[in-house]
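>>> Pasting a predicted model and its sequence here:
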Amino acid sequence: MVVPLSYFIERPFQNWTRDAQSLIGAIALHVDYSANVPRIRQRLEQAAKESKLWDGAVVNLQVTETHPRTIELRALVSARNAPQSWDLRCEIREKLVAFIRDEMPEALPRERNVLAPAHDDPDRIMRNVSAPRTAPEPAHH
């Protein structure tokens with residue numbers, strides 16, 4: 001197949017044809033500024049070591065962006081091949097989300113949408129909430 005060089009310059013790509021070297025997968029997470037990044041990094045390292053998919057080469061967590069309400073974390077993990085890299089990224093993402101939810105809920109992004117009934121409208125409307133969370137809001141039926 002012949003592809004113009006401009007195609008690769010203008011579009012990001014990942015070479016999944018190689019299997020002799022490990023592939024590095026990236027996982028992006030948005031968390032509140034109050035997040036304890038070193039603690040999340042420790043959990044990432046533990047989760048990678050527990051996984052059969054991790055090849056033992058790369059595990060890293062960095063703050064890569066700041067946004068008005070959140071910071072963006074990028075976790076890097078390596079696997080032997082493309083299918084294992086995909087599965088490892090999904091596994092690690094799931095474990096990190098559960099860890100943040102269960103062990104440091106204050107680090108969850110604070111802005112969320114809540115469905116609530118309108119006073120004059122029986123249909124539900126969406127409103128934006130940007131307040132600190134203390135307990136789950138009761139469901140309205």
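On my side now, so go ahead.

>>> longest single strand anywhere in this structure?
strand 54-66 (DSSP state E).

>>> quick one: average pLDDT of stretch 56-72?
The average pLDDT within stretch 56-72 is 95.

>>> Please identify the buried residues of that stretch?
Val59, Leu61, Thr70, Ile71 (16 or more other Cβ atoms under 10 Å). Placement of C-beta: from N, CA and C, glycine included.

>>> Make TSV out of those and add distance to Trp86.
Formatted as TSV, those follow (distance: Cβ to Cβ, whole Å):
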residue	distance to Trp86
Val59	17
Leu61	19
Thr70	25
Ile71	25
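
>>> Now the two most distant members of these.
Between any two of the buried residues of stretch 56-72, the greatest separation by Cβ to Cβ is 22.6 Å, found for Val59 and Thr70.

>>> re earlier: okay, now the sheet partners of the longest strand of the chain, with direction.
Within its sheet, and counting by DSSP bridges, strand 54-66 is paired with strand 71-79 (antiparallel).

>>> Residues touching the partner strand, excluding its own?
22-33, 35, 37, 40, 44, 48, 53-55, 57-66, 85, 87-89, 92-93, 96 (Cβ atoms under 8 Å, 6 or more residues apart in numbering).

>>> how about 7 Å then?
With Cβ atoms under 7 Å, 6 or more residues apart in numbering as the test, strand 71-79 has contacts from 22-31, 33, 35, 37, 40, 44, 48, 53-55, 57-65, 85, 88-89, 92, 96.

>>> Can I have the buried ones of those as a PyMOL selection?
Listed next is the PyMOL selection for buried residues among those, using 16+ other Cβ under 10 Å:
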select buried, resi 22+23+24+25+27+29+31+35+40+44+48+53+54+55+59+61+85+88+89+92+96
